[in-house]
Every structure is written in C-alpha cells, then in structure tokens.
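Undergrad: Provide a 3D model corresponding to the input given below.
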Amino acid sequence: MRIVLGNLVDNAIRYNLPGGSVSVAALRSSEGLVVEVRDSGMGIPADRLPLIFDRFYRVEPSRAEGTGGCGLGLSITRKIVEAHGGRISASSGPAGSIFSIVLPDA
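TA: Numbering: from 1, shown residues only. Modelled structure (predicted):
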C-alpha cells in the first residue's frame, strides 16, 4: 500500500498547479477502509478518465514533459489495490482530481 499511496500522492503533486494543495484522508465506511487523495490541479478531461488506469496511457503527453514517467504508475496502483480485494476510482473537474480507494475489512 506504500506504493499505492506513493504513486497517488506523487501524481497529485506532479500535476498540481503552483500554490496548489494535496490532501489525503482515510475513513471507515460500510464497505471498509476508504482512502482519498485530492489535489487542486489542472484536472483530467472527463473523456479521458476511463483510460487513466490503462498501461502506458498518458492523459496528454505534452503535460508530462519534464515530469518523467511512462504511464505505468496508475496501472500498477490499480493492480495492487485489486490484489488486496479493493477498487480504485477517480473523478475530476476544473478544481482538481480525487482518487478514491476502497479496501474491504480484513
């Protein structure tokens, strides 16, 4: 899970706007543990959200110039979350993105 949170927080920082914010919250729900990583960055276009967990997918290659990476982080993150019996989702808008992980109780 260290890799999962590391990838999500790294992306939130990397694609944020200058002076933006990143927050991480965890809570218990009827589904188990819910962890959310929020940023106030540039957001992800709605038509691209279904693709962001695909291997090698980059939302906009031009946005990634100078940030490194090859489009594997979110794919790896999804595989790890699913291997723990959980699920990951993302939502985004002009005020930033939210990545949510739900992990079942052990």
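
Undergrad: what does the lengthiest helix in the chain contact?
TA: With secondary structure taken from DSSP state H, the chain has its longest helix at helix 2-14. The set of residues external to helix 2-14 that reach it, using CB atoms under 8 Å, 6 or more residues apart in numbering, is 22, 24, 35, 37-39, 41, 67, 69, 73-74, 76-77, 80-81, 97, 99, 101. Every residue, glycine included, has its C-beta placed from N, CA and C.

Undergrad: kindly report the same for stretch 86-105.
TA: Looking at what lies outside stretch 86-105 - CB under 8 Å, 6+ apart - the contacts are 4, 8, 11-12, 15-16, 20, 29, 31-46, 49, 52-53, 77-78, 81-82, 84-85.

Undergrad: for that stretch, how far is the first residue from the last?
TA: According to CA to CA, to the nearest Å, stretch 86-105 extends 10 Å from its N-terminal end residue to its C-terminal end residue.

Undergrad: and it, which residues are buried?
TA: By neighbour count, with 16 or more other CB atoms under 10 Å as the criterion, the buried positions of stretch 86-105 are 86, 88, 90, 92, 96-103.

Undergrad: what's the spacing between that stretch and its chain's center?
TA: In terms of CA atoms, centre = their mean, to the nearest Å, the centre of stretch 86-105 is found 7 Å from the chain centre.

Undergrad: what does stretch 17-36 give?
TA: The answer for stretch 17-36 is 10 Å, by CA atoms, centre = their mean.

Undergrad: list the buried residues in stretch 29-45.
TA: By neighbour count on 16+ other CB under 10 Å, the buried set for stretch 29-45 is 33-44.

Undergrad: of all these, which two lie farthest apart?
TA: When these are compared pair by pair using CB to CB, the farthest-apart members prove to be Leu33 and Met42, with a separation of 28.5 Å.

Undergrad: please enumerate the helices of the chain.
TA: 2-14, 73-83.

Undergrad: how about Asn16, nearest residue that isn't a chain neighbour?
TA: Residue nearest to Asn16 in three dimensions, not counting chain neighbours: Gly41, with 4.0 Å by CB to CB, 6 or more residues apart in numbering.

Undergrad: check contacts around the one you found.
TA: For Gly41, the contact set (CB under 8 Å, 6+ apart) comprises 12, 15-17, 20, 96-97.
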